[in-house]
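> Coordinates for the following, if possible.
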Amino acid sequence: MDFQELNDKLSSFDINDVDWNNMGSWPLAGRIFFAVLVFLTILIGMYFFDIQGLTDRHAAVQAKEATLKQDFETKAFRVANLAGYKEQLTVIESSFGSLLRQLPKDTEVPGLLDDITSAALGASLQIKSIKLDKEIETEYYTELPISIDVVGEYHDFGAFVSAVAGLGRIVTLHDFEVVSANDNDANKLNLKIVAKTYRYNSEGKRKKKGKKGRKK
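Predicted coordinates for the structure are as follows:
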């Protein structure tokens, strides 16, 4: 049977004449057409129910592979620079230890008050009061505020602030208030200021965790 004959038979094929209960009686062209149709249907079904699933899984595996490669590159970079990180950590620990040594212990607070008093007297200021206020505790450190009330001239305040900043302990200055101290002498001013120093609370984190545990 040549293609022209097959084409003629397909053209003359009428689906209404098909006996679905006796496919063996179909014309050859009909059987060939039906076989091709079934084959195509099977291929399409395999694509959607099998090949498409494999394609999706392959795409997911490729995405995971890219993520793993990126993660590997990041970890490889960290390993390659491990020596540098350790050196930086050593420098940080050294700096942190140096800062801790600048934070006063309980027994050193009176000495710090004496240093601030000496700085005020060295700047020719008249001291009205220098007193330690109530401590303020945080998770990692305790704040020690010191209220200072002194009288002097404006340029003397600058010398006093510089002297306090130059102390061997960490001291920060807050809440400046400058008013006239004497109506008869415009040069005399009253400075009220809060100096804050800090004490490292090494037990703070553990105490906080303990409190949470008791609440449970």
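> Which of the helices or strands spans F160?
helix 154-165 (DSSP states H and E).
> Give me the contacts around that helix.
116, 119-120, 122-125, 150, 152, 171, 173, 178, 187, 189, 191, 195 (CB atoms under 8 Å, 6 or more residues apart in numbering). Every C-beta, even on glycine, is put in place using the N, C-alpha and C of the backbone.
> try 7 Å
I116, A119, A120, G122, A123, S124, L125, V171, L173, L189, L191, A195 (CB atoms under 7 Å, 6 or more residues apart in numbering).
> Surely the last one and I170 touch.
Pointing back at A195 there. No. With contacts counted by CB atoms under 7 Å, A195 stays clear of I170, the gap being 10.6 Å.
> Could I get the contacting residues of I130?
When contacts are counted by CB under 7 Å, 6+ apart, I130 touches L113, I116, T117, I146, I148.
> And A195 and I170? Which one has more around it.
A195 (23 against 14; other CB atoms under 10 Å).
> List the residues that contact that one.
Counted by CB under 7 Å, 6+ apart, A195 has contacts I116, I146, I148, V164, V171, L173.
> Among the contacts of I130, which one lies nearest to I136?
Minimum distance to I136 across those is 12.2 Å, recorded for I146 (CB to CB).
> I'd like to know how far the closest one sits from V178.
Between I146 and V178 the computed distance is 18 Å (CB to CB, to the nearest Å).
> Which SSE is immediately downstream of the longest helix anywhere in the chain?
Under DSSP state H, the helix in the chain containing the largest number of residues is helix 52-80. Per DSSP H and E, the first helix or strand lying C-terminal to helix 52-80 is helix 82-101.
> So which elements touch that next one?
Applying 3 or more CB pairs under 7 Å, 6 or more residues apart in numbering; DSSP states H and E, we find helix 82-101 packed against no helix or strand.
> That helix to helix 52-80, inter-axis angle?
60 degrees (axes from the mean of the first three to the mean of the last three CA atoms, to 10 degrees).
> Quick one: name whatever helix or strand follows helix 82-101.
helix 109-122.
> what are the C-alpha coordinates of stretch 74-91, in CSV please?
Extracted in CSV, the C-alpha atoms of stretch 74-91 (Å, rounded to 0.1, in the frame of the first residue of the first chain):
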residue,chain,number,x,y,z
THR,A,74,31.3,30.6,51.9
LYS,A,75,32.7,28.0,54.3
ALA,A,76,35.8,27.5,52.2
PHE,A,77,36.4,31.3,52.4
ARG,A,78,36.0,31.2,56.1
VAL,A,79,38.4,28.3,56.5
ALA,A,80,41.0,30.0,54.3
ASN,A,81,40.7,33.2,56.5
LEU,A,82,40.5,31.3,59.8
ALA,A,83,44.0,32.4,60.9
GLY,A,84,43.1,36.1,60.2
TYR,A,85,39.9,35.7,62.2
LYS,A,86,41.7,34.2,65.1
GLU,A,87,44.2,37.1,65.1
GLN,A,88,41.3,39.6,65.0
LEU,A,89,39.7,37.8,67.9
THR,A,90,42.9,38.0,69.9
VAL,A,91,43.1,41.8,69.3
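> and that stretch, which residues are buried?
Buried residues in stretch 74-91, counting neighbours by 16 or more other CB atoms under 10 Å, are absent.
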